[in-house]
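Engineer: the following block contains a protein sequence and its predicted model.
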Amino acid sequence: MKTMQMGRLRIPATCSAGILLTASLLTGNAMAAVTDDMDGLTRQWLHIEAQERKLVMDWQEQEPVVRQRIDLLKAEKSQLQEILATSNDSQDDVDARRNALLAEQNTLESQQADVTGALSSLVTRINSLYESLPPPLKFNWDKEDAALAGDGGDNPSQILQVALAKLSRLEQFDSKLTVNEDVLTAPDGKEVVVKQLYLGSQLAWFANNDGSVAGSGYPENGQWTWHFDDSVDGEAISRALAVFERRQQPEFIALPLPFTAQNPESGGGR
């Protein structure tokens, strides 16, 4: 049997051929494995590349839509910001207007309180004159007060109107002669029908039909008072009444002027 000499190791030829065959087989198997691995890697790379191309194509298809959505979102965001800014401005305007209205309301309430106080003082002063007024004028004032008996009793506007109406009636009564018929109680307790001639609201004369009962009236100590006076010329008062009522021709008639009526301060009148 032939031997092969390799260096110092001597291997029989038949063994050498077996080794070479074995090495070749191993090398072939290894190459096959490597080839399989390469094929797998290649297929994997191709799959990845296909996926990449698909992603790129998908992105290229979706990019306009996505960008459009982004643009729409940006526009919507801008609109919302403008709305919020406008809302803030509007809220600021509302707050400013509310504050202005509150300030105006406070001013009006303060003015109303001042007016109410002044009105109350005016009404008190006017009503303080009531007892010193002659009966016909009292009657007219009572009618004005009746207007406040309903829902207008607490209405400042109604109260002011009534107060002004009373002053107007007082002014009218003071600016003219007034005749009135009434029943007075004489000092003896008898009731007498008399006619009264008022010279404004501070002085009046009265007499019965034949002039046998006469006297005068005027404010005294804050009260309207009738005074029967036998010294008063009742016939002169009756003639004055007749002239005023046009029952006789005009003439000059002298009527007595009571001392207290001449000096109302000494008699407690206003």
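Structural biologist: Here it is on my side, so go on.
Engineer: which SS state does Tyr218 fall under?
Structural biologist: Assigned with DSSP: H, G, I helix; E, B strand; the rest coil, Tyr218 falls in the strand class.
Engineer: typo on my end, Val123
Structural biologist: Three-state secondary structure (criterion: three-state DSSP) places Val123 in helix.
Engineer: what segments of the stretch 101-250 of the chain are helices?
Structural biologist: Here the stretch 101-250 of the chain has its helices, by DSSP state H, counting those that start in this stretch, at 135-146, 156-174, 234-244.
Engineer: just put the ones you listed in JSON lines and tack on mean pLDDT and mean neighbour count.
Structural biologist: The C-beta positions use only the backbone N, C-alpha and C, and glycine is treated the same way. As requested, the helices of the stretch 101-250 of the chain are arranged in JSON lines below (pLDDT from 0 to 100; neighbours: other C-beta atoms under 10 Å):
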{"stretch": "helix 135-146", "mean pLDDT": "93", "mean neighbour count": "15"}
{"stretch": "helix 156-174", "mean pLDDT": "92", "mean neighbour count": "15"}
{"stretch": "helix 234-244", "mean pLDDT": "92", "mean neighbour count": "19"}
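Engineer: distance to Leu203 added to these, as a markdown table?
Structural biologist: Shown next, in a markdown table, are these (distance: least, C-beta to C-beta, whole Å):
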| stretch | distance to Leu203 |
| --- | --- |
| helix 135-146 | 13 |
| helix 156-174 | 11 |
| helix 234-244 | 12 |
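Engineer: and of these, who's closest to Asp95?
Structural biologist: Comparing the helices of the stretch 101-250 of the chain against Asp95 with C-beta to C-beta, the closest turns out to be helix 156-174 (32.1 Å).
Engineer: now the closest one against helix 135-146, angle please.
Structural biologist: Calculated by axes from the mean of the first three to the mean of the last three C-alpha atoms, to 10 degrees, helix 156-174 forms an angle of 170 degrees with helix 135-146.
Engineer: pLDDT below threshold where in the stretch 1-150 of the chain?
Structural biologist: Across the stretch 1-150 of the chain, the stretches falling below the confidence threshold (pLDDT under 70) are 1-34, 45, 49, 52, 55, 58-59, 150.
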